[in-house]
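Trainee: Got a predicted model here, sequence first, then my questions.
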Amino acid sequence: MICKICNNEFEATYKTAGHVCKPCHIELVKKNTKLKKLALEAIQNIKYAEIDGCHVVKTRYIKRKVLGANLYVHRLIARFVKGLNIRGKVVCHSCDNPQCINPDHLFVGSYKDNSKDAAKKGHIRKWVLRDNIADIRKRLKAGETIASIAAEYGVYDTAVWKIKHGVSYANIS
Ligand SMILES: [Zn+2]
Ligand SMILES: [Zn+2]
């Protein structure tokens, strides 16, 4: 078997998930342990507002620097707090709010699901047009999902989420 990291041949008696030789695997485990420690440190002081169960941070998809790399906080939480295997996968929000970092609202999906969703949305805007706010409220009241409303009005899920929870446009009826 050829090691994926050092390209040297090795006996496959040492079983690793990623087809790497024993010395490379030991290095990898060390690096991951360090990464986990630094990642947990990097995310522990992030401030968020608790709104209807969501942990809402200032901007969508915030990042933190860990071992020199700028990494998405929601992915770090899914991986190191929840222990999910996120490799090659997207981390989605069950609450449809990309500004939320509540571990309970994160789950793993495939890029295919995500790009299908993105393609459906086409060109998206950050904000809802004022003229649409009343209609969106009606549809939310009727039980329509945030994702489907956002797709229809060509806006980010967050924009609709903010209307639902009275964070934005609360003064507009
Ligand atoms: Zn190796
Ligand atoms: Zn949430």
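Mentor: Okay, I see it. Ligands and ions are numbered 1, 2, ... in the order given.

Trainee: For the longest helix seen in the chain, which helices and strands make contact with it?
Mentor: Longest helix in the chain, counting residues (DSSP state H): helix 22-43. Applying 3 or more C-beta pairs under 8 Å, 6 or more residues apart in numbering; DSSP states H and E, we find helix 22-43 packed against strand 63-66, helix 73-76. Any C-beta I mention is one placed from the backbone N, CA and C, and that applies to glycine too.

Trainee: quick one, which of those is packed in tightest?
Mentor: Stretch with highest mean neighbour count among the helices and strands packed on helix 22-43: helix 73-76 (a mean of 22; mean count of other C-beta atoms under 10 Å).

Trainee: related to what we said a few turns ago, is ligand 1 contacted by the longest helix of the chain?
Mentor: Yes. Looking at helix 22-43 against ligand 1 by C-beta under 5 Å from the ion, the contacts come from C24.

Trainee: could you point out which element follows that helix?
Mentor: Downstream of helix 22-43, the next assigned helix or strand under DSSP states H and E is strand 49-51.

Trainee: Quick check: which helices or strands does the helix or strand just after that next one pack against?
Mentor: Later in the chain than strand 49-51, the nearest helix or strand by DSSP H and E is strand 54-56. On a contact count with 3+ C-beta pairs under 8 Å, 6+ apart, strand 54-56 meets strand 49-51.

Trainee: so, in contact with ligand 2 or not, the strand it packs on?
Mentor: No. If you take C-beta under 5 Å from the ion as the test, strand 49-51 misses ligand 2, and the best it gets is 8.5 Å.

Trainee: Tell me the strands beside that strand, with direction?
Mentor: strand 54-56 (antiparallel) (DSSP bridges).

Trainee: For the partner strand, buried residues please.
Mentor: C54, H55, V56 (16 or more other C-beta atoms under 10 Å).

Trainee: Please list which of these are also close to ligand 1.
Mentor: Of the buried residues of strand 54-56, not one also sits near ligand 1 (C-beta under 5 Å from the ion).

Trainee: okay, these in CSV with distance to S110 and pLDDT next?
Mentor: Listed next are those as CSV, based on distance: C-beta to C-beta, whole Å; pLDDT from 0 to 100:
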residue, distance to S110, pLDDT
C54, 24, 94
H55, 25, 95
V56, 26, 94
